[in-house]
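Undergrad: what follows is a predicted structure for the sequence shown.
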Amino acid sequence: MMTVEEMLIAENLEILTIVAGRFSAAGNYLGICKEKENGHDPLHIYKAQMAYLDWTIDLDNVELPFAALGRWQEVANRPGNIRFTATAIFKTMGELNRILQIEVNLQNQINAINSGVINDKLKD
């Protein structure tokens, strides 16, 4: 059975708490992570991700702190360049943890189906 920690390691993801930040001129958000405050690059959060939570540069209405999953990844329009990027953001840590547990449970069910465990149990 896979755990949340194992899934995060496998996907190179980190759980983060955004405690401060600012919008860039392009409308993306540069978040300062509680876990990475000492000289770490800010977490790049795309404008569309922020808008999904109804947070925009025009309103400057970001509710801190909030939670995110992040990892180092290549910048889409600049091959070879990497930055610390949010893969998902959530208004609360509880919401993030709930989604992670659902994802792990689903992956464990898929793994069980693929290994034949569920099929064998259905035959009984």
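TA: That came through fine.

Undergrad: use CA for all of it now, contacts and neighbours both
TA: OK.

Undergrad: which stretches of this structure form strands?
TA: In the chain, the strands defined using DSSP state E lie at 14-23, 29-33, 43-45, 66-74, 82-90.

Undergrad: tell me how far the longest helix along the chain lies from the chain's centre.
TA: The helix that spans the most residues within the chain, counting by DSSP state H, is helix 93-115. Its chain's C-alpha centre and that of helix 93-115 lie 14 Å apart, by CA atoms, centre = their mean, to the nearest Å.

Undergrad: ok, and what's touching that helix?
TA: Defining contact as CA atoms under 8 Å, 6 or more residues apart in numbering, one finds that helix 93-115 is touched by 1-4, 7, 17, 66-68, 89-90, 118-119.

Undergrad: follow-up on the earlier one: using CSV, please lay out the strands of the chain together with mean pLDDT, distance to Q107 and mean neighbour count.
TA: CSV is the format used below for the strands of the chain (pLDDT from 0 to 100; distance: least, CA to CA, whole Å; neighbours: other CA atoms under 10 Å):
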stretch, mean pLDDT, distance to Q107, mean neighbour count
strand 14-23, 95, 18, 19
strand 29-33, 95, 28, 23
strand 43-45, 96, 26, 23
strand 66-74, 95, 18, 19
strand 82-90, 96, 18, 19
